[in-house]
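>>> below is the sequence, then the predicted model.
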Amino acid sequence: MQATWRVLVAMVLVQPLGAALGWRWAPVGDTFLDLWYGAAFTLPFGFLLGPLWQRRAARDTLARHRWPIVGYELFSVVVPLYGVLTYDIWRAAAVL
């Protein structure tokens, strides 16, 4: 992770903006879930920015540390997918 920290940091840095957008739009109605959904759906954007930053700072690390990058990519896809698949469950729970 030390060599690819920029990708992870980019993913984390976009989450407060996404959380704020989720809280503003309130898709579920529960504050925590709104923040979570907003942050989750910005993960792919953070992942797109991360390798760009990494490429500018240390180009050779992307090729040498492919598996951590793949892990970040999978995480940035799985989390919003989980949110989409469980949206109805959380929305129903927030109404109770």
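Thanks, I have it. Every value quoted in this text rests on a predicted model; they were computed, and no experiment measured them.
>>> how about residue 30, nearest residue that isn't a chain neighbour?
For residue 30, ignoring the flanking residues on the chain, the nearest one in space by C-beta to C-beta, 6 or more residues apart in numbering is residue 94 at 4.0 Å. Yep, even glycine has a C-beta here, placed from its N, CA and C like the rest.
>>> hmm, who's touching the host helix or strand of the one you found?
Using DSSP states H and E, the secondary-structure element containing residue 94 is helix 87-95. Residues from elsewhere that reach helix 87-95 (C-beta atoms under 8 Å, 6 or more residues apart in numbering): 27-30, 33, 37.
>>> just to revisit the earlier point, tell me the pLDDT at the residue nearest to residue 30?
Note on residue 94: pLDDT of 76.
>>> pull the longest helix from the chain.
Looking only at the chain and at elements set by DSSP state H, the helix with the highest residue count is helix 31-57.
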